[in-house]
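Novice: The sequence and its predicted three-dimensional model are supplied below.
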Amino acid sequence: MVENTTPVSGVEQTFKDNEIIVSKTDLKGRITYANKVFLDVAGYQLSEVMGQPHNMIRHPDMPRCIFKLLWDTLEQKKELFAYVMNRCKNGDHYWVLAHVTPSYDTNGQHTGYHSNRRVPNRKILEETIMPLYSRLLQVEQSHANRKEGMAASTQVLLDILNEKGVGYDEYILSL
């Protein structure tokens, strides 16, 4: 497995509004396809990502509860929209609005996942997502036990959604 141990740099990378980052994974989340935009933005060669866990680009400042929500949704064979900060090979980061869906073969068998990622709205990132994720991450890190921290941050997120009377997708798409 390729593990990114490069320290985070705090430098943000961007990509063009008309570009779409695309990747596909198998059922275990191992990369089976990555387009040129993905490789260029993340700073990897195709040979470095193929067969590797997609979480190789997970940024340590992303709340784990967002990924739990993602996997819980995908296990129900539902799609999900989510704002995600990913880490580049060199330690830089980039933000995306991800649309992740289950993939099926011609016989209708669930074979993996497909993700299209677009440039997110900067105002939504700065005014809503970044403060929310900072709060969720703070909750996670306030617990010595990682599972307890993730459970606590998940509850904070669910409380926010319940207060607004919406599900996660509905919340994200309403921003």
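Specialist: Happy to help now that I have it.
Novice: For Asp92, grab the count of nearby residues.
Specialist: Residues lying near Asp92 (other Cβ atoms under 10 Å) number 19. Any C-beta I mention is one placed from the backbone N, CA and C, and that applies to glycine too.
Novice: same question, the one 4 residues further on
Specialist: The tally of other residues near Val96 (other Cβ under 10 Å) stands at 21.
Novice: so who does it touch?
Specialist: With contacts defined as Cβ atoms under 8 Å, 6 or more residues apart in numbering, the neighbours of Val96 are 21, 83-86, 117-120.
Novice: A strand includes it, no?
Specialist: Yes - assigned with DSSP: H, G, I helix; E, B strand; the rest coil, Val96 falls within a strand.
Novice: Please name the bridge partners of it.
Specialist: Val84 (DSSP bridges).
Novice: quick revisit: quick one: buried ones out of the contacts of Val96?
Specialist: Those of the contacts of Val96 that meet the buried threshold are 21, 83-86, 117, 119-120, by 16 or more other Cβ atoms under 10 Å.
Novice: Flag the shaky bits of this structure, pLDDT-wise.
Specialist: By pLDDT under 70, the weakly predicted segments of the chain are 1-3.
Novice: now Ser115: how far from Pro7?
Specialist: Applying Cβ to Cβ, to the nearest Å, the value for Ser115 to Pro7 is 26 Å.
Novice: Lys89 too?
Specialist: To Pro7, Lys89 is 12 Å away according to Cβ to Cβ.
Novice: Who has more neighbours out of the two?
Specialist: More crowded of Lys89 and Pro7, by other Cβ under 10 Å: Lys89, with 17 against 9.
Novice: Find me whatever residue is spatially closest to that one, sequence neighbours aside.
Specialist: Leaving aside its sequence neighbours, Lys89 sits nearest to Gly43 (Cβ to Cβ, 6 or more residues apart in numbering; 3.8 Å).
Novice: In which helix or strand does the residue of the chain positioned farthest from its centre reside?
Specialist: For the chain, the largest distance from the centre (Cα atoms, centre = their mean) belongs to Asn107, which lies 28.4 Å off. Counting by DSSP states H and E, there is no helix or strand that carries Asn107.
Novice: Next one: it relative to Ile160, how far apart?
Specialist: From Asn107 to Ile160 the distance is 40 Å (Cβ to Cβ).
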